[in-house]
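Engineer: let's see this in three dimensions:
(chains A, B, C and D)
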Number of protein chains: 2
Amino acid sequence: MVDKNRRLITAHDVARLAGVSQSAVSRTYTKGASVSPATREKVEAAAAALGYRPNLAARSLITRRSNLIAVVVPSMANPFYSAVLEALSQAFELKGYRVLLFSTASNDDSDPILEDVLRYRVEAVILVSSTLSSSFAEECKQTGLPVVLLNRKNDSQTVSSVTSDNVEGGRLTANFLIAGGHQNLAFIAGNDLSSTSRDRELSFTREILSNGLPPPMREIGNFSFDGAIIATRRLLAAHQPPDGIFCANDLMAIAALNVATKEFGLTPGKNISIVGFDNIEMARWPLIGLTTYVQPTMNMVQRAVEIVSAQLSESTVAPTDHVITGSLIVRQTARLPSSGLICVGDETHWRDDPVS
Amino acid sequence: MVDKNRRLITAHDVARLAGVSQSAVSRTYTKGASVSPATREKVEAAAAALGYRPNLAARSLITRRSNLIAVVVPSMANPFYSAVLEALSQAFELKGYRVLLFSTASNDDSDPILEDVLRYRVEAVILVSSTLSSSFAEECKQTGLPVVLLNRKNDSQTVSSVTSDNVEGGRLTANFLIAGGHQNLAFIAGNDLSSTSRDRELSFTREILSNGLPPPMREIGNFSFDGAIIATRRLLAAHQPPDGIFCANDLMAIAALNVATKEFGLTPGKNISIVGFDNIEMARWPLIGLTTYVQPTMNMVQRAVEIVSAQLSESTVAPTDHVITGSLIVRQTARLPSSGLICVGDETHWRDDPVS
DNA sequence: CTGAAAGCGCTAACAA
DNA sequence: TTGTTAGCGCTTTCAG
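Structural biologist: Got it, this is the predicted structure:
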């Protein structure tokens, strides 16, 4: 890969050794180009001898394609995000792209990220649950760069988004808890700015009110474990504590579970019910057994990749909000309703209308 | 960023608008170049008007620096890896590098990864707990590319590695369990090939034997939650089940905890002790409260970055194995020894020799 | 300090 | 199918 002068091996070097032109070398590594088997063989032999690899930077200069996708994720402390990131990385690899990673954890200055995204000439940007200013997406979009928001809706209607059905999730969870006979419900929100948290909360609250129950109590947990610990303490220490808590994500629901069990001596599924949102790996740990609304990670990622692919081939794709349906998976942290439970393999789900 | 013909804005366009030469534009964006304030101002105005960003691919062609670091991680299902990845991403960003992500989950063919690592002309490769053939590292190294193994030792002595003190961790854990009065110990290994798992096991076993206790029972959990579920069942179903289990990582220890509690009705910390290795986020969840040997993620990542930096500036850095000391953090899953406990803030640690 | 000119390593017409 | 040629957008001498 390097010669005596520590210079990288180029197609020229290979050409010289193989006794062909430099273009022949190029063609050997360009799919769909016509090279005779004889030439290809000579080139490959020489390339192997020298340890040659085409320089993608040089290629991208002329093809205008970097094969790079920028993925911007918030703190990977939330297992939901790492699962999404892994799925994205794999899905894009299959399409011949590589992921350039941008982590926004402990880094509220999004400007250097925007700058690098643009300078690296990535072909598309996936903004996962972006807490970045929505101007970020706008600025990318203005340059003609395909952008898709994953797990967050766009304020403006200029970029595409993929979310799970937050509205349905909130509604279904409310009905589930109501069907389980709960009277005093509570919601632990992510934060007030998050569209996902808001959508989940609004439909949850609406359903509760339309069932003639009092409006749910409310705390903010900042989507974090520690934040939800505090929030839950406040909730359960109230003179009229809730008998059912819906959390905007699993991490917070698990925190609530810990507080309820360890600090208040409650027994989830008996005298307190806790429901989460995401279905992260840990939700299925027997010691957790969290009842939660499933965000279908794979489907969401798949859709995001499809959107990007479409935008990459045709430049005129209207931005759309894609909503992927999830489902409520029933484990042990919430009291069971008398009907509506459906067993699927080793999982139990709950439906409003158990027709199926 | 694009003109009417959807061509990208180049330094030339900026130069024309600013009424300066293209080199002047280049200099404006090259730190350490000499441009008069007047010129710089004109260039910046024109650049802003056109939305110009320097093309890093073109730059890298001439500077031979891509500012890219390849990070190869196995499944991010293990929170330890996502924590490491996030730390790496942040540490490298501070040094002006971006992370090109390679996930090897469900992808045992490492060849396309090697190929892309080389074609993208990344400046260094970090192999996290690589299960890739060790020839991968070799091949990179041969091209002069700095490589560091993180959380895995090298078989050959050609590339640098950073691990936590696996030997000390195994030894300390054995002594901790022995001091806690355990008689029948067991080890759940990752797999037989992993150097980290082996190092932990060997020193654990050695210490047990040298204390006159019977050799520990042994199962393989494949570093995974589900694998350790099976392994633990086998262990606890034996006619002489262990009273203390040491697991090669936290994910497996948590699985063991679940089985012991939920399936065998045991009470960790009372009639069974379980110790992990990593100290992932979840280990501190009250419902888990896992006693574990801490791998100091931040220090390990920091060291890895330092090694890369050193290799990037001087090409002649001898490969070294770096061992970062961790500590045993005591929570609730293991019976306490009568001495050696040290409180540090809200954490309790254990030492062999409580001098401190 | 500034502009002209020469490439970095590659792909893409174009002729042959 | 092949080689020749002209750049892709940038940095970097080198004169001025």
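Engineer: so how far is chain B from the residue sitting nearest the centre point of chain A?
Structural biologist: The centroid of chain A falls nearest to A:Val84 when counting by C-alpha atoms, centre = their mean (4.1 Å). Computed with C-beta to the nearest C-beta, to the nearest Å, the distance linking A:Val84 and chain B is 10 Å. Heads up, the C-betas are built off the backbone N, CA and C, glycines and all.
Engineer: could you do A:Val294 as well?
Structural biologist: 17 Å.
Engineer: what sits against the residue lying closest to that residue once chain neighbours are set aside?
Structural biologist: Using C-beta to C-beta, 6 or more residues apart in numbering or on different chains and skipping residues adjacent in sequence, the residue nearest A:Val294 is A:Asn279, 4.1 Å away. Neighbouring residues of A:Asn279 by C-beta atoms under 8 Å, 6 or more residues apart in numbering or on different chains: A:250, A:292-295, A:329.
Engineer: who wins for most neighbours among those residues?
Structural biologist: A:Thr292 (31 neighbours; other C-beta atoms under 10 Å in any protein chain shown).
Engineer: that's a strand at that residue, yeah?
Structural biologist: Yes: applying DSSP: H, G, I helix; E, B strand; the rest coil, one finds A:Thr292 inside a strand.
Engineer: ok, what's across the strand from it?
Structural biologist: Beta-bridge partners of A:Thr292, counted by DSSP bridges, are A:Gly276, A:Ile329.
Engineer: backbone torsions only: list them for whichever residue of the stretch 201-350 of chain A sits closest to DNA strand D.
Structural biologist: In the stretch 201-350 of chain A, the residue that lies nearest DNA strand D is A:Ser315 (16.6 Å; C-beta to the nearest atom of the strand). The phi/psi pair for A:Ser315 (degrees, to the nearest 10) reads phi -80, psi -10.
Engineer: next, count neighbours for it.
Structural biologist: 9.
Engineer: can you check the one 4 residues further on too?
Structural biologist: Per other C-beta under 10 Å, the neighbour tally for A:Pro319 reads 19.
Engineer: from DNA strand C, how far off is the closest residue to chain B within the stretch 101-250 of chain A?
Structural biologist: Among all residues of the stretch 101-250 of chain A, A:Thr143 sits closest to chain B, at 3.4 Å; criterion: C-beta to the nearest C-beta. A:Thr143 sits 22 Å away from DNA strand C, going by C-beta to the nearest atom of the strand, to the nearest Å.
Engineer: low-confidence ranges, the stretch 51-200 of chain A, go.
Structural biologist: A:107-108, A:133 (pLDDT under 70).
Engineer: please enumerate the strands of chain A.
Structural biologist: Using DSSP state E, the strands found in chain A span residues A:68-73, A:98-103, A:124-128, A:147-150, A:160-164, A:185-189, A:217-220, A:244-247, A:273-278, A:291-294, A:321-324, A:327-330, A:341-344, A:347-350.
Engineer: the last one pairs with which strands?
Structural biologist: Going back to what we said before, that points to strand A:347-350. By DSSP bridges, strand A:347-350 pairs with strand A:327-330 (antiparallel), strand A:341-344 (antiparallel).
Engineer: now the last one: mean pLDDT?
Structural biologist: So the one you mean is strand A:341-344. The predicted model assigns strand A:341-344 a mean pLDDT of 94.
Engineer: same check on stretch A:220-234?
Structural biologist: 98.
Engineer: how far out from the middle of the chain is that stretch?
Structural biologist: Offset of stretch A:220-234 from its chain centre (C-alpha atoms, centre = their mean, to the nearest Å): 22 Å.
Engineer: show me which positions of that stretch end up buried.
Structural biologist: A:220-225, A:227-233 (16 or more other C-beta atoms under 10 Å in any protein chain shown).
Engineer: same deal with stretch A:283-293?
Structural biologist: By neighbour count on 16+ other C-beta under 10 Å, the buried set for stretch A:283-293 is A:283-285, A:287-293.
Engineer: next: stretch A:60-79.
Structural biologist: For stretch A:60-79, using 16+ other C-beta under 10 Å, the buried residues are A:60-61, A:66-79.
Engineer: between the residues you listed, which is closest to B:His239?
Structural biologist: A:Pro79 (37.7 Å; C-beta to C-beta).
Engineer: residue contacts, the closest one?
Structural biologist: Taking C-beta under 8 Å, 6+ apart, one finds A:251, A:280-282, B:79, B:82 in contact with A:Pro79.
Engineer: now do 6 Å
Structural biologist: Contact analysis of A:Pro79 by C-beta atoms under 6 Å, 6 or more residues apart in numbering or on different chains lists A:280-281.
Engineer: A:Asp109 - how many residues pack around it?
Structural biologist: Neighbours around A:Asp109, by other C-beta under 10 Å: 9.
Engineer: determine which two of the buried residues of stretch A:60-79 are furthest apart.
Structural biologist: Across the buried residues of stretch A:60-79 (C-beta to C-beta), the longest gap, 38.9 Å, separates A:Leu61 and A:Pro79.
Engineer: up against chain B, what does chain A have?
Structural biologist: A:1-2, A:53-54, A:56-58, A:60-61, A:76, A:82, A:86, A:89, A:98-101, A:103, A:118-120, A:143-144, A:258, A:262, A:285-287 (C-beta under 6 Å from any C-beta of the partner chain).
Engineer: separation between the closest residue to A:Asn67 other than its chain neighbours and A:Ile126?
Structural biologist: Setting aside the residues directly before and after it, A:Asn67 is nearest to A:Tyr97 in space (C-beta to C-beta, 6+ apart), at 5.3 Å. Going from A:Tyr97 to A:Ile126 by C-beta to C-beta, to the nearest Å gives 11 Å.
Engineer: so which of these two has more stuff around it?
Structural biologist: A:Ile126 (28 against 23).
Engineer: OK, contacts around the closest residue to that one other than its chain neighbours?
Structural biologist: Ranked by C-beta to C-beta, 6+ apart and with sequence neighbours excluded, the top spatial neighbour of A:Ile126 is A:Val71, at 4.8 Å. Residues in contact with A:Val71, defined by C-beta under 6 Å, 6+ apart, are A:88, A:99, A:101, A:126.
Engineer: what about the stretch 251-356 of chain A, any weak spots by pLDDT?
Structural biologist: Within the stretch 251-356 of chain A, the stretches with pLDDT under 70 are A:354-356.
Engineer: okay, helices next: where are they in it?
Structural biologist: For the stretch 251-356 of chain A, applying DSSP state H, counting those that start in this stretch gives helices covering A:297-313.
Engineer: run through the residues that contact the residue of the stretch 151-300 of chain A found nearest DNA strand D.
Structural biologist: At 24.5 Å from DNA strand D, A:Val159 is the closest residue in the stretch 151-300 of chain A, using C-beta to the nearest atom of the strand. Residues near A:Val159 by C-beta under 6 Å, 6+ apart: A:137, A:141, A:147, A:319.
Engineer: could you rerun that using 7 Å?
Structural biologist: A:137, A:141, A:147-149, A:319 (C-beta atoms under 7 Å, 6 or more residues apart in numbering or on different chains).
Engineer: need phi/psi at it.
Structural biologist: phi -120, psi 150.
Engineer: quick check: residues of chain A near DNA strand C?
Structural biologist: A:7-8, A:10-12, A:22-23, A:26, A:29-30, A:52-55, A:58-59, A:61-63 (C-beta under 7 Å from any atom of the strand).
Engineer: go again with 6 Å.
Structural biologist: A:7-8, A:10-11, A:22-23, A:26, A:29-30, A:54-55, A:58-59, A:61-63 (C-beta under 6 Å from any atom of the strand).
Engineer: out of those residues, which one sits closest to B:Thr196?
Structural biologist: Among the residues of chain A next to DNA strand C, and counting by C-beta to C-beta, the member closest to B:Thr196 is A:Leu8, at 34.3 Å.
Engineer: run a quick neighbour tally on that closest one.
Structural biologist: Counted by other C-beta under 10 Å, the residues lying close to A:Leu8 total 18.
Engineer: can you give me the pLDDT of it?
Structural biologist: 82.
Engineer: bridged to it, which residues?
Structural biologist: Counting by DSSP bridges, the residues bridging with A:Leu8 are A:Val2.
Engineer: returning to what we had before: adding distance to DNA strand D, write the contacts of A:Val71 out as JSON lines.
Structural biologist: Shown next, in JSON lines, are the contacts of A:Val71 (distance: C-beta to the nearest atom of the strand, whole Å):
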{"residue": "A:Leu88", "distance to DNA strand D": "28"}
{"residue": "A:Val99", "distance to DNA strand D": "23"}
{"residue": "A:Leu101", "distance to DNA strand D": "23"}
{"residue": "A:Ile126", "distance to DNA strand D": "24"}
